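Engineer: Have a look at this fold, sequence not included:
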Ligand SMILES: Cc1cc2nc3c(=O)[nH]c(=O)nc-3n(C[C@H](O)[C@H](O)[C@H](O)COP(=O)(O)OP(=O)(O)OC[C@H]3O[C@@H](n4cnc5c(N)ncnc54)[C@H](O)[C@@H]3O)c2cc1C
């Protein structure tokens, strides 16, 4: 795929990073081999983040007062694009750096953020996103988890589900009800909750692909102290929309680079089949590259995507499935169950691609948003 221009500042950063990558550190080499075990993948990716932080690369794109070195999302986009090109297969649980951290930085309490953001960037403490509940997925405004004002802060009680990376995370951004049920989206507040607090229970959910990315998290009268509200009291919906602009929009830039990496690897190592399927995958990747690049530019100019993010999310889901359809057609091992690490990692990728039409809002809900908010259909 052609390299896209970053602008002067991020281009200089990208060029310097490329020079550094010419002699890759052992931590990058370790993270580029296929690893079936999720725990091991998390450990090697965390080790890589530590080196990238200590050498300064992972601090660009984040504000200096919060432990960063300045710059914007284009620096981060250039860093992950280069890492994918140099063989990194995925962001693993650092996906939340590009889903949650921009919103935390924009709306979190600065003193708290100055403490926790560097730990996140350095791979020491991770974050998860506690939105969905058993009775509130597509209908996010129906969240039932309650936060009640008490001495010393708020007490949170409720149950979240499908919470990615909760098993590995220290923090969870929890959307909880501070208003009445009837107030719907106007009665929600976002809290930064320490998952080590008394009353929190995290139970991993093993997925069909053998990973335990997802979890169920219960909160039983969990005390959340002052300074842990992200955004305003009863302003949780604004926080959620800010996150979704990243999760549905800019995140596709970060993810699609890894899909493209997989196509190149498969072309280099196998005897790939299915020209038509490969064509579909490359066309979809070109579409997501174009739409996610526009999303990056929009965020670099501080403009949220709103309903436009749905197009990017649909492009990403479509390209993820097209790439894995082609890989399956090209490599029978994926289907017949050979158990080496490479085949196991490929199988995980394939099975994950079947659920990408669900996270961040289901495909039907994205189409519903386009129909109502963009096409203004009745
Ligand atoms: C891999 C993965 C990671 C995830 N990570 C997280 C996470 O970190 N944090 C988090 O909070 N959540 C996470 N989720 C949950 C995800 O956001 C929800 O699964 C999603 O919003 C759908 O909600 P639901 O599962 O409750 O399905 P439901 O809302 O019950 O929907 C079931 C089906 O009905 C359809 N449907 C529902 N309402 C309508 C409607 N009004 N019109 C048309 N069709 C409708 C949906 O499209 C879907 O096909 C993750 C999900 C996946 C698959």
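Structural biologist: Nice, thanks for sending it over. In this text the structure is predicted, and so the values were computed from the model without any measurement.
Engineer: gap between the two ends of stretch 140-153?
Structural biologist: 24 Å (C-alpha to C-alpha, to the nearest Å).
Engineer: who's in contact with that stretch?
Structural biologist: For stretch 140-153, contacts defined as C-beta atoms under 8 Å, 6 or more residues apart in numbering pick out 130-133, 135-136, 154-160, 174-178, 181, 184-185, 188-189, 191, 219, 223-226, 228, 237, 240. Every residue, glycine included, has its C-beta placed from N, CA and C.
Engineer: Of those residues, which belong to strands?
Structural biologist: 130, 154-160, 174-177, 188-189, 191, 219, 223-224 (DSSP state E).
Engineer: Of the residues you listed, which are in range of the ligand?
Structural biologist: residue 130 (C-beta under 6 Å from any ligand atom).
Engineer: What is the burial count for residue 27?
Structural biologist: A total of 16 residues lie near residue 27 under the criterion other C-beta atoms under 10 Å.
Engineer: Look up how far residue 13 lies from it.
Structural biologist: 20 Å (C-beta to C-beta, to the nearest Å).
Engineer: same thing with residue 264?
Structural biologist: Remark: distance between residue 264 and residue 13 (C-beta to C-beta) = 24 Å.
Engineer: For the host helix or strand of residue 29, buried residues please.
Structural biologist: Residue 29 is part of helix 26-32, with elements assigned from DSSP states H and E. Neighbour-count burial for helix 26-32, counted by 16 or more other C-beta atoms under 10 Å, picks out 27, 28, 30, 31, 32.
Engineer: can you tell if the following helix or strand past it touches the ligand?
Structural biologist: Next along the chain after helix 26-32, taking DSSP H and E as the criterion, comes helix 38-54. No. Figure legend: helix 38-54 not in contact with the ligand (C-beta under 6 Å from any ligand atom); closest approach 13.3 Å.
Engineer: can you list contacts of the helix or strand following helix 38-54?
Structural biologist: With elements assigned by DSSP H and E, the helix or strand that comes after helix 38-54 is helix 73-85. Helix 73-85 has contacts (C-beta under 8 Å, 6+ apart) with 6-7, 9-11, 13-14, 17-18, 21, 28, 52, 57-58, 60-61, 91, 97-98, 102, 250, 253-254, 257-258, 260-261, 296, 299-300.
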